[in-house]
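Engineer: Here is a sequence together with a model predicted from it:
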Amino acid sequence: MPPNGIARFVQAGLEDAARRQLDGIVCGHIHRAGLMQRDELVYANDGDWVESLTALTEDADGVLRLLSHHGELLAEVLPRLRLTSATCEELAA
């Protein structure tokens, strides 16, 4: 389980994504990589290149993977995406 501050960050991001009817959240730079699917929502955090040395990838089929700097698979999800017509301006509101 991530530390409390990070757990609150994840929860807040997923709640905001649900409220906006999005598929999830993609973020980084909090130095704690993570990739998971909670209910229908995806949380993807690429971590950083200083502490976690991780990266996110997405293949042509939409599979998201969290990889270590030497290519080790750390996590994988195949999101069930909803199509949305929201614009960047609407999402920023």
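Structural biologist: Sure thing, it's come through. The shown structure was predicted, so the numbers you read here are calculated from the model rather than taken from an experiment. Numbers count the residues shown, from 1 in each chain.

Engineer: could you say what helices and strands the longest helix along the chain packs with?
Structural biologist: Once the chain is assigned using DSSP state H, the helix that runs over the most residues is helix 4-19. Helices and strands touching helix 4-19, as assessed by 3 or more C-beta pairs under 8 Å, 6 or more residues apart in numbering; DSSP states H and E, comprise strand 24-27, strand 41-45. To be clear about C-beta, it is placed using only N, CA and C from the backbone, and glycine gets the same treatment.

Engineer: Please report the distance of G62 from E76.
Structural biologist: Using C-beta to C-beta, to the nearest Å, one obtains 11 Å as the distance from G62 to E76.

Engineer: returning to that earlier point: quick one: contacts of the longest helix of the chain?
Structural biologist: 1-2, 23-25, 27, 30, 32, 34, 38, 41, 43 (C-beta atoms under 8 Å, 6 or more residues apart in numbering).
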